[in-house]
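>>> turn this into a model:
(chains A and B)
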Amino acid sequence: MSIRIAIAQCAPALGAFRRNVEMHEKWIARARAAGARLVVFPELSLTGYYLKDLAADVACAPDDPQLAPIAEASRDIDISAGFVERSADAKLRIAQGHWSGGKLVHVHRKVYLPTYGIFDDGRYFGPGDRFETYRWAGGTTGVAICEDLWHVSTPYLYAAAGATIVLAPSASPGRGVAEGGDLGTAESCRLMDRFYASYLTVYVVYVNRVGNEDGVAFWGGSEIVAPDGTVAARAPEFDEDLLIGEIDPELVARERARNPLLRDEREDIVLRNIAGRLGLPFDRRD
Amino acid sequence: MTNALARAGVIRPDPKDPSPLRIDEVLVRKMLVLFIREETAKARLRRAVVGVSGGVDSAVTAALAAEALGPENVLGLFTPYRISSPDSRAHAQEVSRKFGFTLEEVPITEQVDAYLKTRKEKVDKVRIGNKMARERKSIEYDRSWPDGIVLGTSNKTELLLGYGTQFGDMACGINPVGDLYKTQLRELALFIGIPEAIVRKAPTAELWEGQTDEGELGFTYADADLVLYHMVDRRLRPSELIEHDFDADLVNRIREMVRRNHYKRVMPLIAKLSLRTVGHDFLYPRDWEAD
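From the prediction side, this is the model:
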């Protein structure tokens, strides 16, 4: 039985939290009406991306009353949305929460903070330190926020831990307008999505935002790539869109039967190799 | 997938190959129209004011603004000085007719000459040119009140070379064409329907009689753009460009112009004194939206 999901390819307002909560409620209602079991929002969907010093102003704890409307809306549809998390010890992190049945059930904190070129995440945020999978009605899932996905090890760790879905909420600025192809960034992202989906036999749910912030345009182009490498659904570039697609666990099973790369994966060798190189104690041979 | 790899593989620095400068005009047009529309709205404004000189840069800017905001929300200002050519006026009018925005003529001769008459010393032609550029901009800003944004028309070549007047033609609220080299801007211009006569004529700031950009600079935009593309966009060092047969004098000269004029591209420096200072560590986004 496939599970219907929705991608909210939206344009959050920069630093206007309450306005963004209202915007989320509208998209959630649309996704619910379309029969989706989950609606996924882009990175920092509740705050906007290029926050700079605003990061501290919009940050909140996961149980902050400001997030209550999102929790409330999740009673009959799961919601994955982005916010700035202020931890108990006052550290700021880029977070993606998953709300289900009226409760926050999982938070992923962005591990890889791009701080180069047009990015300055590392100046304003601290990094997350783990990649943990969690379960919801659609299956075992891992979240890779934007730059997390560009690191090959992220989807690898999730797939190795049993994930069949990688949710990739992003705020990807469009750049590279050379003739003879798509936007440069779009080509790179699609290559990545398709590669991970095919070779890790997982669903890659790439959720990018649209809109401009300080002259930078986020290009959209959200997509769901199936474990057989096909594009199950793709949103237009630069325009808002509620993208609907299906996640089919049977397709995962069929692809893994045909192509049992994950079954045969030697995590012990990977671990021993890395542990040895870093001088860590693991060196167990069975 | 293969396209991306093939394209990344074929870009080599070659002074005889201008193909790396080619752009996807459909994509660029869409991005720039959205940029003008969104950034104007985020500034809580709804009209655009463009100084329309009769040249290609301002023609493209005004045409994109008309597409983004509706021609009824674009005001073009043609601001001639007594040496401005009749061709410039004709071209400005042609663009206004074709893209449907209002064009007003506001001559600047009287006020510029009145000021110059008060000067006792001999005034260099560069100063006169700068004065004209700033006079024009003060009119654009005046006419933008209360709900208009002044659009910049400086292209990437001019910005990088510093070939413009600070707080004159370089001043603006937002600039849609500042990341397009002159060569790319001409390509976009033809695509969006700017008349060929405007696209092909010799670029000039008309700051004094007989002035052309390329005559004053001493090199062509085509040559400069290719050097700048490999130097800036592809991050090649001058020595690498020279190894790949780019003209050493041209490369060094351009590199020095980029360095020397960098001050024109950044906000003025503020002396750091307190614990939190504008421009240093008071860093909010410009698109700071209200709840």
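>>> tell me the confidence at residue 190?
In the absence of a named chain, this looks at chain A. pLDDT for A:Arg190: 96.
>>> hmm, no, I was thinking of chain B.
Reported pLDDT for B:Leu190: 98.
>>> could you export stretch A:125-132 as PDB, CA atoms only?
Taking C-alpha atoms only, stretch A:125-132 is exported to PDB below (Å, rounded to 0.1, in the frame of the first residue of the first chain):
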ATOM      1  CA  PHE A 125      24.500  28.300  14.300                       C
ATOM      2  CA  GLY A 126      26.100  25.300  16.000                       C
ATOM      3  CA  PRO A 127      26.200  21.900  14.400                       C
ATOM      4  CA  GLY A 128      24.100  18.900  15.200                       C
ATOM      5  CA  ASP A 129      26.000  15.800  16.100                       C
ATOM      6  CA  ARG A 130      24.000  12.800  15.000                       C
ATOM      7  CA  PHE A 131      22.100  11.100  12.200                       C
ATOM      8  CA  GLU A 132      19.200   9.200  13.800                       C
END
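>>> give me the buried positions along it.
A:125-126, A:128, A:131 (16 or more other C-beta atoms under 10 Å in any protein chain shown). C-beta: built from backbone N, CA, C; applies to glycine.
>>> tell me the one of those nearest chain B?
Nearest to chain B, judged by C-beta to the nearest C-beta, of the buried residues of stretch A:125-132 is A:Phe125 at 13.8 Å.
>>> who in the stretch 151-286 of chain A is up against chain B?
The interface of the stretch 151-286 of chain A toward chain B, taken as C-beta under 8 Å from any C-beta of the partner chain, is made up of A:174, A:177-184, A:187-188, A:190-191, A:194, A:211-215, A:217, A:238.
>>> nearest to B:Val26 among the buried residues of stretch A:125-132?
A:Phe125 (35.8 Å; C-beta to C-beta).
>>> and the gap between the closest one and A:Leu167?
19 Å (C-beta to C-beta, to the nearest Å).
>>> just the strands in the chain please.
By default, I'm working from chain A. Under the criterion DSSP state E, chain A contains strands at A:3-9, A:38-40, A:78-86, A:92-100, A:103-109, A:134-136, A:139-143, A:165-169, A:203-207, A:210-213, A:216-219, A:223-225, A:231-234, A:241-247.
>>> that answer is for a different chain, and I need it for chain B
Going by DSSP E, chain B shows strands at B:47-51, B:74-78, B:102-105, B:148-150.
>>> which residues touch A:Leu92?
Counting by C-beta atoms under 8 Å, 6 or more residues apart in numbering or on different chains, A:Leu92 touches A:55-56, A:59, A:84-86, A:124-126.
>>> A:Pro62: neighbour count?
15 (other C-beta atoms under 10 Å in any protein chain shown).
>>> shouldn't it be in contact with A:Ala95?
Yes: in this structure, A:Pro62 is within contact of A:Ala95 by C-beta atoms under 8 Å, at 7.5 Å.
>>> and for the two, which residues touch both?
With C-beta under 8 Å, 6+ apart, A:Pro62 and A:Ala95 have common neighbours A:85, A:107.
>>> which bits of the stretch 1-150 of chain A sit near chain B?
A:13-19, A:48, A:50-54.
>>> of the buried residues of stretch A:125-132, which pair is most distant in space?
A:Phe125 and A:Phe131, at 17.0 Å, using C-beta to C-beta across those.
>>> quick check: B:Phe99 touching B:Leu64?
No: judged on C-beta under 8 Å, B:Phe99 makes no contact with B:Leu64 at a distance of 9.1 Å.
>>> give me the more crowded residue out of the two.
Counting neighbours by other C-beta under 10 Å for B:Phe99 and for B:Leu64 shows that B:Leu64 has the greater number, 26 against 21.
>>> for that one, give me its contacts.
B:Leu64 neighbours (C-beta under 8 Å, 6+ apart): B:29, B:32-33, B:36, B:176-177, B:192.
>>> now those in a markdown table, with distance to B:Pro15 and neighbour count?
A markdown table is the format used below for the contacts of B:Leu64 (distance: C-beta to C-beta, whole Å; neighbours: other C-beta atoms under 10 Å in any protein chain shown):
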| residue | distance to B:Pro15 | neighbour count |
| --- | --- | --- |
| B:Arg29 | 29 | 18 |
| B:Leu32 | 29 | 23 |
| B:Val33 | 34 | 19 |
| B:Ile36 | 34 | 25 |
| B:Pro176 | 29 | 25 |
| B:Val177 | 25 | 27 |
| B:Ile192 | 29 | 17 |
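>>> touching stretch B:81-96 from outside, list them.
Residues contacting stretch B:81-96 (C-beta under 8 Å, 6+ apart): B:52-55, B:59, B:62-63, B:76, B:78, B:80, B:102-103, B:105, B:107-109, B:112-113, B:132, B:194-195, B:197-198, B:201, B:206, B:208-209.
>>> the helices in chain B, which residues?
B:2-10, B:25-42, B:56-69, B:86-99, B:109-118, B:125-144, B:156-161, B:182-192, B:196-200, B:213-217, B:221-228, B:238-243, B:248-260 (DSSP state H).
>>> check those helices for me and report the most buried one.
Most buried of these, by mean neighbour count (mean count of other C-beta atoms under 10 Å in any protein chain shown): helix B:56-69, with a mean of 26.
>>> please list the residues of the stretch 151-291 of chain B that sit near chain A.
So the stretch 151-291 of chain B meets chain A at B:174, B:282-291 (C-beta under 8 Å from any C-beta).
>>> just the pLDDT at the residue lying closest to B:Thr157 once chain neighbours are set aside, thanks.
Excluding its sequence neighbours, the residue lying closest to B:Thr157 (C-beta to C-beta, 6 or more residues apart in numbering or on different chains) is B:Lys182, at 4.5 Å. Note for B:Lys182: predicted pLDDT of 98.
>>> pretty sure B:Lys182 sits against B:Asn155.
Yes: using C-beta under 8 Å, B:Lys182 is in contact with B:Asn155, at 5.3 Å.
>>> can you check which residues contact both of the two?
With C-beta under 8 Å, 6+ apart as the test, B:Lys182 and B:Asn155 both reach B:Asp57.
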